[in-house]
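K.L.:
Provide a 3D model corresponding to the input given below.
(chains A and B, ligands or ions: 2)
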Amino acid sequence: MGQGIFFYLGYSFKSLINNGQRAVLAIFCVAFGVMSLVAMQNMAESVTTVVLGDPAFRLGGQTELNRDTNLSPANIAEIARLKTDGKITAYNPAAEEYGLKLKRPGSASMAYIDKAIGVDPTIYPIVGQLRLGQGSPTSLAQAIATPGTVAVTRDIADDQGLKIGDTLVVSNDTDIAPFSLKVGGIVIATPDSAGNKIYYSLETARQLANRQDAVNYIQVNWAPGVDSAAIQAQLQNSGWRTYNASEQSADAKKGMDLFNFMLKGAGILGLLVGGIGVANTMVVLLANRQKEIAILKTLGYRRWHLFVLLGLEVGLLGLVGSLLGVALAYFVSGGLIYLFSQTGSILLETSFDFGLGLLGILIGIVTTLIFGMFAIVRASEVRPMQLLRNLPVKIRWFQTTLLALALAVPFTLVTTFVLGSIEQGIGILLIALGGLVVLGSVLGLAMWLIIKALPTFRFYFLAMARKNLARRWLVNLFAMIALFTGVLTAGFAGVVIQGAQGQVDARSPALTGYNLSVYGLASQETTLKAAFAGQGITTTQARYTALVKSVEQTTPPANNDQTFYFGNVLNGRETPWDVTLDGAAWGSDPSGVYLPDYGRDLRGTQLTITSQSGATRTVTVVGTYALKNIGSPLLSENSGLLTSKDLVTQLGGPQTRLLVAGEVGLDRLTETSTKIGQSMQDVMVVTSLDYNNYRTGRVRNFFIFAVAMAGLAILAGLVLVANTVGLAMIYRQREMGVLKAVGYTRWHVLKGLLLEYGIMALVASIGALIGVQVAVIAFSKLEASTDGILSLNLPTAVASVILALLVTLVTATMAAWQALQVRPSTLLRQET
Amino acid sequence: MLKTGSEAPAQGILAGPLVQAINISRSLPLAGQPIHILRDISFDIEAGEMVALVGASGSGKSTLLGILAGIDAPSSGRLVIDGEDVTGLNETKLALLRNRKLGIVFQSFNLIPTLTAQENVEIPLYVSPYAREARQRAARMLDLVGLSDRRQHRPHQLSGGQQQRVAIARALVTEPKILLADEPTGNLDSHTGEQVLDLFESLRQQLGLTLVIATHDNAIAGRANRILRITDGRLLHTSSNVER
Ligand SMILES: Nc1ncnc2c1ncn2[C@@H]1O[C@H](COP(=O)(O)OP(=O)(O)O)[C@@H](O)[C@H]1O
Ligand SMILES: [Mg+2]
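P.N.:
Residues are numbered from 1 along each chain as shown, chains lettered A, B, ... in the order given. Ligands and ions are numbered 1, 2, ... in the order given. Predicted structure coming up:
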């Protein structure tokens, strides 16, 4: 061939250009397939390396050590000795606080923190790495060594608009009163890639918790060669609890594997959908060029010449489509990775693997060739005698089946390569092929029945539609499979979106009732209440809390030898506004306390309470209490003893925590909370909006993620439907010209066409919805967590069918329109 | 005039005819009873002859021409071309035969619309031994049919007569021995048709071609050396014209 290669290339290129619309449609199909594959694969890669890193990275060390209580200096010294003895290579004492909320002073927006941890910045982290960015100092030590400074992860900084030097306030509902911290660094990478964390020094942790023994666990790395199990056994004997990183990974890995398989599976299915689009396009494209192929054959071209010629054309198409697909994947995967990182506050860099892009182009070309080859081989069957007379193309079923099977082999290589396992590679292909065969048979049968059922006389147009459907049944079957796939993907995506929306709605509690609460200290009560009154809030209530160091039962209960856990807080009220009492009336005994209602009657028992601030009081149990459901999710449950405000403030001293709750009209909620936040910088203002955001935040992010993925699927479905119908129209332009030449009006022709495509779309979309229902059932059986969430309801189903019909008919009209403008006279010159 | 094909010499240089059709029949196995399009047709064509295949529309001319051109196969009988029995050849061998020894021209030109005239003529060369000289050969051939100034034009930019000239150039560019034409002037007005026939005549003389033209037009038949008349798939008689 040598010299001829340029001719071949030129020929292919020209054909491609000349195929115009059709080539563009095919290119879109390839681009879509490659895009979904590369985007999903890229996402799977980023997510796996990040989420499935070394389990020690997630734990923060090879082993975590803790005790029943916070760790004393002696405890820490014990572990330090292990290091001097060479048993461990590193240890990291950590002071973690739980349930912390964070906000900027003066801002109404509050965020819940996943992890707030005090560390020795010169040591931390002992596994993995922590990187600072966005104007931060180079090391964690420089960022947080000064007491009162904090490093926050990038996601928090972004959400709250925090910069280096900004101030933020943290607190929780129980033991941490609002505490100001100054941002000293922004963390862009954490050892476990999880975000929504803040880091500060151990000294800051002590100030925050207002206690010296703030350290509550130590992470250690074992020296190589030591018998860590034996050392752990010894530690357990002296009161330590141990937790090894290796214990925790199996489950996570299993979940990750499934997630990965689903992502990659989605990618491959995308490729398959694109492939079907290409196959469909190529069948039509080459059917249109039978004459050209017959000419080549007459001139002495053999089958392999044609394979090369048309293969080059398809390969070129694959190349262009793949390039486009990779470019799209670059943006789409960036967006998807971002959305994904939002679903679990993961510090993911939106990276793109360019090697993967290259691979995607290769796979795209190969897949295009594989799917195009089917059409090419069939087209090469054209007999040159066709030039002398119109002949139907003989379909050799045996050969065609063999061919399909032969083409399955290279595609299996692609899927195996992508999924990384031959079983999964073959499995997904078998599912797809089996699906195609079943689908083809079912749709074919349905079509056959309809053709039989349509009247052969009287309704001229119906009869004509019937004939056309029967005449082009193979092309039509292909079109119906494509339509079916389109509606199925779109329908299932719709179901997923609906399910996710339902989840978001279910997690959005009421916004009314006590929808504004402010956390502060009892000493701020007057100012706070004045601020509430200043905002015209009339319904105001308060809770008071003192931190308890110890509760001793001075008179043991008569008939009970079990010890009772009295909790580490003492709750106070002015009036019992949010509780129901059992026992003595409220206020009847100034030093009376009520126990949480755990079904134990300890009435009459004397308790000696010592608070964190050092005050001591002896009190008497006078009854039990239970929290009323006052319909505000803002006011969390609290355990511990309940007593009068006076007693609590006496015991808690200046450190007594205060919560003031009020009810504000929804339209003024944000404004009011902002004003209160601005007027009092050192309190924590929380609204039910914040709470809802927190509750629904991740579900909503997941929802957006699901919508984004489903949106891609719907797009694919629409592209496929439009592609199919558009192609069919182009295919029939000549026929339309002929009909017009014999006196048909545009409307006559269109009516006939719409009838045909209406019937096909109806059959395919009803079939597809049955498919969606099957998928929903299969999913709920496979993945119990989706049971009841995913469901196809009748209105959605009807809407889907109507939508599919509309898209089909509109596309058909649009595609036919151009053809319908064709003047019949062009038939005289144009050769197709 | 019927010769036993099995004894035909392998080399066309020897006295044997260039084309030998021996008891050729073509039937189509339609549902029920098969229809017979060609029945028991035998004839010879000598090198350098111009033969007209004449008959009414539907008589079987195209079918016979298709068989001669190696794009259709007879149901029974044998066909010997240039001393080679081509009856049972496989697709590959037939393709070779069409490329090297036969050229065909159609009523509706059948040019590839995306390619220029030059490129259309080049096509057959790329699967022939002349691939290296495709450009020059195609250009020369277009010169020969009088279209040297139209090389870069695409089919839709050419008149019917010009398109047919391109088709003829394409058919002849691999230097076949036999040129087959199916109603080559059927899509042309009579004047242009005349010009195309003149071209055939001059090419036959310059290149020593053998010409087989199917036509229902007796005027065209009048220019042939010999007429093969077909009616209802049967060869009626052959008549020789006086050499002009
Ligand atoms: N595929 C076919 N099916 C049925 N009849 C055919 C087919 N091909 C050709 N014929 C019939 O064979 C006869 C000869 O056709 P053809 O060779 O095209 O005739 P001509 O070229 O002389 O007009 C016609 O009567 C035609 O109807
Ligand atoms: Mg004919």
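K.L.:
how about the helix ranked longest in chain B against chain A, any contact?
P.N.:
Looking across chain B with DSSP state H, the single longest helix is helix B:190-207. No - residues of helix B:190-207 are not located near chain A by CB under 8 Å from any CB of the partner chain, the shortest gap being 15.4 Å. Yep, even glycine has a C-beta here, placed from its N, CA and C like the rest.
K.L.:
host element of B:A52?
P.N.:
For B:A52, the enclosing helix or strand under DSSP states H and E is strand B:50-54.
K.L.:
return the distance of B:S128 relative to chain A.
P.N.:
B:S128 sits 7 Å away from chain A, going by CB to the nearest CB, to the nearest Å.
K.L.:
so who does that residue touch?
P.N.:
Contacts of B:S128 were listed using CB atoms under 8 Å, 6 or more residues apart in numbering or on different chains, and they are A:300, B:99-100, B:174.
K.L.:
try it again with 7 Å
P.N.:
For B:S128, the contacting residues are B:99-100, B:174, by CB atoms under 7 Å, 6 or more residues apart in numbering or on different chains.
K.L.:
for stretch B:180-199, buried residues please.
P.N.:
Using 16 or more other CB atoms under 10 Å in any protein chain shown as the test for burial, stretch B:180-199 gives B:180-188, B:192-197, B:199.
K.L.:
which SS state does B:L89 fall under?
P.N.:
What DSSP: H, G, I helix; E, B strand; the rest coil gives for B:L89 is coil.
K.L.:
could you tell me how many residues sit around residue 210?
P.N.:
Since no chain was named, I'll use chain A. For A:N210, the count of nearby residues is 15 (other CB atoms under 10 Å in any protein chain shown).
K.L.:
chain B, not that one
P.N.:
B:T210, neighbours per other CB under 10 Å, totals 23.
K.L.:
residue contacts, it?
P.N.:
By CB under 7 Å, 6+ apart, B:T210 lies in contact with B:18, B:45, B:47-49, B:177-178.
K.L.:
just A:V548 next, same as before
P.N.:
With CB under 7 Å, 6+ apart, A:V548 has these contacts: A:568-570, A:609, A:611-612.
K.L.:
by neighbour count, which of the residues you listed wins?
P.N.:
In terms of neighbours by other CB under 10 Å, those top out with A:L570 at 26 neighbours.
K.L.:
the closest residue to it other than its chain neighbours in helix, strand or coil?
P.N.:
Counting by CB to CB, 6 or more residues apart in numbering or on different chains, A:A546 is the residue found nearest to A:L570 once chain neighbours are left out, at 4.5 Å. State at A:A546, reduced to three classes by three-state DSSP: strand.
K.L.:
and A:A546, how many neighbours?
P.N.:
Using other CB under 10 Å, A:A546 has 27 neighbouring residues.
K.L.:
could you dump stretch B:125-138 to CSV, C-alpha only?
P.N.:
The C-alpha trace of stretch B:125-138 is given here as CSV (Å, rounded to 0.1, in the frame of the first residue of the first chain):
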residue,chain,number,x,y,z
LEU,B,125,-4.8,2.3,-8.7
TYR,B,126,-4.2,2.0,-5.0
VAL,B,127,-5.1,-1.7,-5.0
SER,B,128,-3.1,-2.3,-8.2
PRO,B,129,0.6,-2.6,-8.9
TYR,B,130,0.5,1.0,-10.1
ALA,B,131,-0.1,2.6,-6.7
ARG,B,132,3.2,4.4,-6.9
GLU,B,133,2.4,6.2,-10.1
ALA,B,134,-1.3,6.8,-9.2
ARG,B,135,-1.2,10.5,-9.5
GLN,B,136,0.5,10.6,-12.9
ARG,B,137,-1.5,7.8,-14.4
ALA,B,138,-4.8,9.2,-13.3
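K.L.:
burial count for the residue of chain B found nearest chain A?
P.N.:
Nearest to chain A, among the residues of chain B, is B:N99, at 2.4 Å (CB to the nearest CB). As a burial measure, B:N99 scores 23 neighbours (other CB under 10 Å).
K.L.:
what helix or strand does it sit in?
P.N.:
helix B:91-100.
K.L.:
which residues touch that helix?
P.N.:
Helix B:91-100 is contacted from outside by A:298-303, B:69-70, B:81, B:86, B:89, B:124, B:127-128, B:174, B:176, using CB under 7 Å, 6+ apart.
K.L.:
roughly how far out does the strand holding B:A52 sit from the chain middle?
P.N.:
Relative to the centre of its chain, strand B:50-54 is centred 10 Å away, using CA atoms, centre = their mean, to the nearest Å.
K.L.:
tell me which residues are up against it.
P.N.:
Contacts for strand B:50-54 (CB under 7 Å, 6+ apart): B:45, B:61, B:64-65, B:204, B:211-216, B:218, B:220-221, B:224-230.
K.L.:
parallel or antiparallel, list what pairs with it.
P.N.:
According to DSSP bridges, strand B:50-54 forms sheet pairs with strand B:210-215 (parallel), strand B:226-231 (parallel).
K.L.:
burial-wise, tell me which of these comes out on top.
P.N.:
strand B:210-215 (a mean of 25; mean count of other CB atoms under 10 Å in any protein chain shown).
K.L.:
tell me the mean pLDDT over the next helix or strand after that one?
P.N.:
Later in the chain than strand B:210-215, the nearest helix or strand by DSSP H and E is helix B:218-221. Per-region confidence: helix B:218-221 scores 84 on mean pLDDT.
K.L.:
is helix B:218-221 positioned near ligand 1?
P.N.:
No - contact of helix B:218-221 with ligand 1 (CB under 6 Å from any ligand atom) is absent, the minimum separation being 13.5 Å.
K.L.:
look up how far ligand 1 lies from the residue of chain B positioned farthest from its centre.
P.N.:
Distance from the centre of chain B peaks at B:G32, with 33.3 Å (CA atoms, centre = their mean). Distance of B:G32 to ligand 1, computed by CB to the nearest ligand atom, to the nearest Å: 12 Å.
K.L.:
what's the answer for B:P34, then?
P.N.:
Remark: distance between B:P34 and ligand 1 (CB to the nearest ligand atom) = 10 Å.
K.L.:
the closest residue to that residue other than its chain neighbours in helix, strand or coil?
P.N.:
Closest residue to B:P34 apart from its sequence neighbours, by CB to CB, 6+ apart: B:S27 at 4.6 Å. Three-state call for B:S27 (three-state DSSP): strand.
K.L.:
go on, the one 3 residues further on?
P.N.:
Judged by three-state DSSP, the three-state class of B:L30 is coil.
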